[in-house]
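In: Output the structure for:
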Amino acid sequence: MIIYDSSRSSPSSGFVRIKNLKKKFLEIVASSLVTFSIVSLIFYFLPIIKEEIGYLGVEKETTKLTFGDLIVKMDAYDARMEGLDPYFSISIPKINASADIIPNIDINNSVEYLSALKRGVAHARGTSFPNQDKTIYLFSHSTNSPLNFNEYNAVFYLLKKLEKKDKIYVYFLNKKYTYEVTEKVITDSTDTSWLDNTTDGERLVLQTCDPPGTTLKRLIIVARPI
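Out: Coordinates of the predicted model:
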C-alpha cells in the first residue's frame, strides 16, 4: 500500500510506501531455515568426518607395521576370540579343550599346583617356554565325573583321544605356536623323566592322570613344533 510518494511533483500531496510485512516475514523464515539446515548438516556429518579423519590416521599408522607385527596382532585376536589370554594359553581343537596356562608352578607343592589347576593348566617350573628349543611341560587334572569339573578344571579329560599329527596350539606373549602330536604314552605316576629339559630340540609335553579321576598312572602326550 502506498500512502505518500515524495517523487510526486506536487509538494502538497504524496504517498508513503509501507513495505510488505508478509514478504519480509517469509524472507526471515526462509533465511532461518537455510541457516538451520546448514548447522544441522554440520552436526550430522561432523562425526562421520571425524571418523574418516581418524581412519586415515589409523591407516597411515598401520602401513608402518611390519608383517611380523600384523601376525602378532592376528594371533592375539585369535586367542581372545577363544576367550583365552594371549600371554599364555592352550587350545586343542580336536577335543574342544582350551584354557589359560599358569606359569612356573612348583610340581612338588600341592597347595600351589592345586590352586593353579583351579584356574587353568599348570606350567611346570624349571621347564621352558615356546620358541626356546627345550621342553615345555604342562599338566592338568582329569576326572570321570561331571560333578568334579568345576573343582578340578579337567581341561585334559579327553587327552587320550589325541593321535599322531593332531594339532595343539599354544599362545605365548601374543604369538601363536603350532605343535603336532608325535607320541602318546602311559607311564608310572612316579615317572619324572618327561620333565627333562635338556632334550634335543623343542617339545611340548602334556600330562594328566590316567585312568581319568585317578592317580594310578600318567598319560603323556608329546608334540613337536611345526
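In: okay, now D196: neighbour count?
Out: For D196, the count of nearby residues is 13 (other CB atoms under 10 Å). In this view, the C-beta of every residue, glycine as well, is placed from N, C-alpha and C.
In: same question but for L33, I mixed them up
Out: Neighbour count for L33, taken as other CB under 10 Å: 10.
In: what does I221 give?
Out: 24.
In: Could you verify my assumption that Q132 touches E202?
Out: Yes: assessed by CB atoms under 8 Å, Q132 is found in contact with E202 at 6.8 Å.
In: between these two, which one's more packed in?
Out: Between Q132 and E202, E202 has the larger neighbour count (other CB under 10 Å), namely 19 against 12.
In: SS state for the residue nearest to that one when sequence neighbours are not counted?
Out: Nearest residue to E202 in three dimensions, chain neighbours excluded: D133, at 4.8 Å (CB to CB, 6 or more residues apart in numbering). Secondary structure assignment for D133 (DSSP: H, G, I helix; E, B strand; the rest coil): coil.
In: quick one: D133 and G201 touch, right?
Out: Yes: look at D133 against G201 with CB under 8 Å: they come within range, at 6.0 Å.
In: any idea how the protein splits into domains?
Out: For the chain, automatic domain parsing gives the domain ranges 1-64, 75-225.
In: Quick check: which of these has the most neighbours on average?
Out: Mean neighbours per residue, mean count of other CB atoms under 10 Å, is largest over those for domain 75-225, with a mean of 17.
In: pLDDT on that one, on average?
Out: Averaging pLDDT along domain 75-225 yields 87.
In: Can you show me the CA trace of the strand ranked longest in the chain as PDB?
Out: Ranked by residue count under DSSP state E, the longest strand found in the chain is strand 175-188. The C-alpha trace of strand 175-188 is given here as PDB (Å, rounded to 0.1, in the frame of the first residue of the first chain):
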ATOM      1  CA  LYS A 175      52.200 -65.200  19.400                       C
ATOM      2  CA  LYS A 176      50.600 -68.500  18.300                       C
ATOM      3  CA  TYR A 177      52.700 -71.600  18.200                       C
ATOM      4  CA  THR A 178      51.600 -74.800  16.400                       C
ATOM      5  CA  TYR A 179      52.600 -78.300  17.600                       C
ATOM      6  CA  GLU A 180      51.800 -81.700  16.100                       C
ATOM      7  CA  VAL A 181      51.400 -84.800  18.300                       C
ATOM      8  CA  THR A 182      54.200 -87.400  17.900                       C
ATOM      9  CA  GLU A 183      53.800 -89.700  20.900                       C
ATOM     10  CA  LYS A 184      51.200 -90.900  23.400                       C
ATOM     11  CA  VAL A 185      52.500 -92.800  26.400                       C
ATOM     12  CA  ILE A 186      51.000 -94.300  29.600                       C
ATOM     13  CA  THR A 187      53.600 -94.300  32.300                       C
ATOM     14  CA  ASP A 188      54.000 -94.700  36.100                       C
END
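In: Show me what that strand pairs with in its sheet, parallel or antiparallel.
Out: strand 167-172 (antiparallel), strand 217-225 (antiparallel) (DSSP bridges).
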